[in-house]
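Trainee: turn this into a structure:
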Amino acid sequence: MAVETTTITKPKSNVVTLTIDGVEVKTTRGKRILEAALDNGIYIPNLCALRDIKLPTGACRLCQVKIEDRRGFVTACSEPAADRMVVYSNTTEVNEQRRKVLHILLARHPHVCLTCHRRERCKPGDVCLRLPSVDEQQCILCAKNGRCELQKAVDFIGIGEMPYPYNHRGFPIEMENPFIVRNNNLCILCGKCVRVCHEIRGAEAISFNLRGKNTYIGGAFGKTLIDSGCKFCAACVDVCPVGALMERPSLWKGAPDRTVTTICPYCGVGCQLNLDIKDEKITRVAPDQKGPANKGQACVKGKFGLDFVNSPERLTSPLIKQKNGEFIEASWGEAFDLITSKLANCKGSKFVAISSAKCTNEDNFVFQKFTRAVMGTNNIDHCARL
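Mentor: This next block holds a predicted model:
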C-alpha cells in the first residue's frame with residue numbers, strides 16, 4: 001500500500017545577500033540592485049530612479065551595471081536583487097557606457113562647467129572668468145549648485161571632450177506662482193517630477209507635453225501650475241536632479257551653514273523635515289526621506305509655511321491685557337501666575353477646553369490630560385471631530 005508523504009517547503013528568507021563590486025551586501029527581498037547599493041553606501045549614478053515606485057522606468061540609463069554570467073548590461077533601478085548575484089558597477093566598460101549616455105543628456109543641458117578641462121585645478125562649480133560671454137550658463141549661476149545629481153554623476157564618471165554641442169532651447173523661465181520656479185532649459189526629461197506627481201502624490205498636475213525633440217515638462221495640457229490643479233507640495237522640486245525646478249522663496253539664498261532635522265509644527269501627522277539654516281534663519285525646507293511618518297513627502301504648509309519662524313513680528317514675550325484694552329509685556333512667571341489664578345476658580349463643569357488639529361499629537365495629548373487630571377472635567381472637544 002502506497003503511503004502519501006507531505007513535503008514541507010522551508011519559506012524563503014526575506015533577506016537577500018549579493019556582492020556588489022567585491023562587497024557583500026544584504027537587502028530586503030524585492031528590492032532592486034540600485035536600492036541595495038545605495039542603502040549600503042555604494043554609489044551608482046542615477047538620475048531617474050524613485051523610491052516607492054512599483055514600476056521603474058530606467059529612462060536615464062546611467063545606472064547600468066554588469067551582472068556576472070549574463071550578457072550585456074542591465075539597469076540597476078529595475079533589476080531585482082537576487083541571492084548570490086555578483087554585480088559590477090564601477091568598471092571601465094560600464095563607465096564607458098554611462099559616458100555615452102551622459103554625452104546625449106548634456107546636449108540638452110548647459111555643460112560648460114561640467115566638461116571644462118580645468119575642473120581639476122579650479123573648484124567645480126566655481127566662478128569662471130575665462131568664458132567668452134557673461135551670459136554663458138554655468139554651474140555657479142544655478143541655485144542648485146552643489147546639490148545637483150548631474151554634477152555628482154559627471155564627477156563620478158568623468159567627461160572629456162563633448163561630441164555634441166549644447167542646444168539651448170530658449171524656454172522662458174516660469175515664475176507665475178510664489179512657490180516654484182521652472183527653467184526648462186535645464187531639464188533633462190528624466191520624468192521624476194511627472195512620476196512623483198502622478199504615482200505618489202496623485203495630483204496629476206504636470207506631464208510631458210508635445211513629442212519628439214519638442215518635448216517639455218509643464219502643467220497638464222500646457223496649463224500653468226496654478227491652472228492645472230497643483231497643490232504646491234513641491235514633491236516635484238524635491239526629486240528634480242538638476243536645477244530645472246527650484247523653491248522660489250529659497251532662490252539665491254546660498255549654501256546653508258548647517259541642516260537641522262525637526263518635526264513639522266502644523267498638525268499631528270509628525271512629518272520629519274530637514275531645515276537649511278543660514279545666518280540663523282531658515283532658507284529652505286526639505287522633507288526627510290527617512291521620516292517614518294512622511295517618507296520624504298510634505299504638504300504646502302510644511303514645505304513653504306515655515307517662514308513665520310524668521311518673522312520680526314513674532315512675539316518673544318507674553319502680553320497681558322489691561323482693563324483699558326492695552327497689552328503690556330510681562331515675564332513668563334507673571335503670565336503663569338495670572339493664568340493659574342484665573343483657572344483656580346474654573347475647575348469642574350465650569351471649564352471647557354477646545355483643542356486644535358493644527359497642534360501636534362503630543363500637544364493635544366498633554367492638553368486633554370491637563371483638562372481631565374488638573375481641571376477635573378471631560379469637557380474637551382477637538383476642531384476635527386466629525
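Trainee: for the protein, give me the ranges with low pLDDT.
Mentor: Within the chain, the stretches with pLDDT under 70 are 1-12, 118-127, 129-137, 385-386.
Trainee: where along the stretch 251-386 of the chain do the strands fall?
Mentor: 258-263, 272-278, 281-287, 319-321, 327-329, 353-355, 380-382 (DSSP state E, counting those that start in this stretch).
Trainee: just the ones you listed: most buried one?
Mentor: Mean neighbour count, computed with mean count of other CB atoms under 10 Å, is highest for strand 281-287 among those, reaching a mean of 20. For glycine as for every other residue, the C-beta is placed from the backbone atoms N, C-alpha and C.
Trainee: which elements pack onto that one?
Mentor: When contacts are defined as 3 or more CB pairs under 8 Å, 6 or more residues apart in numbering; DSSP states H and E, strand 281-287 packs onto strand 272-278, helix 300-304.
Trainee: other SSEs contacting the first one?
Mentor: Counting by 3+ CB pairs under 8 Å, 6+ apart, the packing neighbours recorded for strand 272-278 are strand 258-263, strand 281-287.
Trainee: pairing partners for it, with directions?
Mentor: Note on strand 272-278: by DSSP bridges, its sheet partners are strand 258-263 (antiparallel), strand 281-287 (antiparallel).
Trainee: what's the closest of those to residue 88?
Mentor: strand 281-287 (32.9 Å; CB to CB).
Trainee: which residues touch that closest one?
Mentor: With contacts defined as CB atoms under 8 Å, 6 or more residues apart in numbering, strand 281-287 is touched by 238, 247, 249-250, 253-254, 256, 271-277, 294, 296-298, 302-304, 306-307, 309-310.
Trainee: and these, which of them are buried?
Mentor: Buried members of the contacts of strand 281-287, scored by 16 or more other CB atoms under 10 Å, are 238, 247, 249-250, 253, 256, 271-276, 294, 296-298, 302-304, 306.
Trainee: nearest to residue 175, out of the helices and strands packed on strand 281-287?
Mentor: Closest among the helices and strands packed on strand 281-287, using CB to CB: helix 300-304, at 14.9 Å.
Trainee: quick one: residues in contact with that closest one.
Mentor: 179, 231-234, 247, 249, 264, 266, 271, 273, 285, 287.
Trainee: just send the helices and strands packed on strand 281-287 back as a markdown table, with distance to residue 89 too.
Mentor: Output for the helices and strands packed on strand 281-287, formatted as a markdown table (distance: least, CB to CB, whole Å):
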| stretch | distance to residue 89 |
| --- | --- |
| strand 272-278 | 28 |
| helix 300-304 | 33 |
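Trainee: so which of these comes closest to residue 90?
Mentor: Nearest to residue 90 among the helices and strands packed on strand 281-287 is strand 272-278 (28.8 Å), distances taken as CB to CB.
Trainee: list the contacts of that closest one.
Mentor: Residues from elsewhere that reach strand 272-278 (CB under 8 Å, 6+ apart): 250, 253-264, 282-288, 290-294, 298, 302, 306.
Trainee: how does it look with 6 Å?
Mentor: Residues outside strand 272-278 that contact it (CB atoms under 6 Å, 6 or more residues apart in numbering): 256-262, 264, 282-288, 291.
Trainee: please apply the same query to stretch 169-183.
Mentor: Stretch 169-183 has contacts (CB under 6 Å, 6+ apart) with 184, 185, 224, 225, 226, 232, 237, 244, 245, 246, 248, 304.
Trainee: kindly recompute the last result at 7 Å.
Mentor: Stretch 169-183 is touched from outside by 184-185, 216, 224-226, 232, 234, 237, 243-248, 251, 304, with contacts defined as CB atoms under 7 Å, 6 or more residues apart in numbering.
Trainee: surely residue 83 and residue 17 touch.
Mentor: Yes. Residue 83 is within contact range of residue 17, at 6.0 Å (criterion: CB atoms under 7 Å).
Trainee: rewinding a little: ok, of the contacts of helix 300-304, which one's closest to residue 44?
Mentor: Nearest to residue 44, judged by CB to CB, of these is residue 287 at 23.4 Å.
Trainee: need the contact list for the nearest residue to that closest one once chain neighbours are set aside.
Mentor: The shortest distance from residue 287 to any residue other than its chain neighbours is 4.0 Å, reached at residue 298 (CB to CB, 6 or more residues apart in numbering). If you count contacts by CB under 7 Å, 6+ apart, residue 298 has them with 233, 264, 271, 273, 287.
Trainee: I figured residue 167 was touching residue 110, is that so?
Mentor: No. Counting by CB under 7 Å, residue 167 does not reach residue 110; the two are 10.4 Å apart.
Trainee: who has more neighbours out of these two?
Mentor: Using other CB atoms under 10 Å, the more surrounded residue of residue 167 and residue 110 is residue 110, with 19 against 11.
Trainee: tell me if I'm right that the more buried one and residue 165 touch.
Mentor: No. With contact defined as CB under 7 Å, residue 110 does not count as touching residue 165 (11.5 Å).
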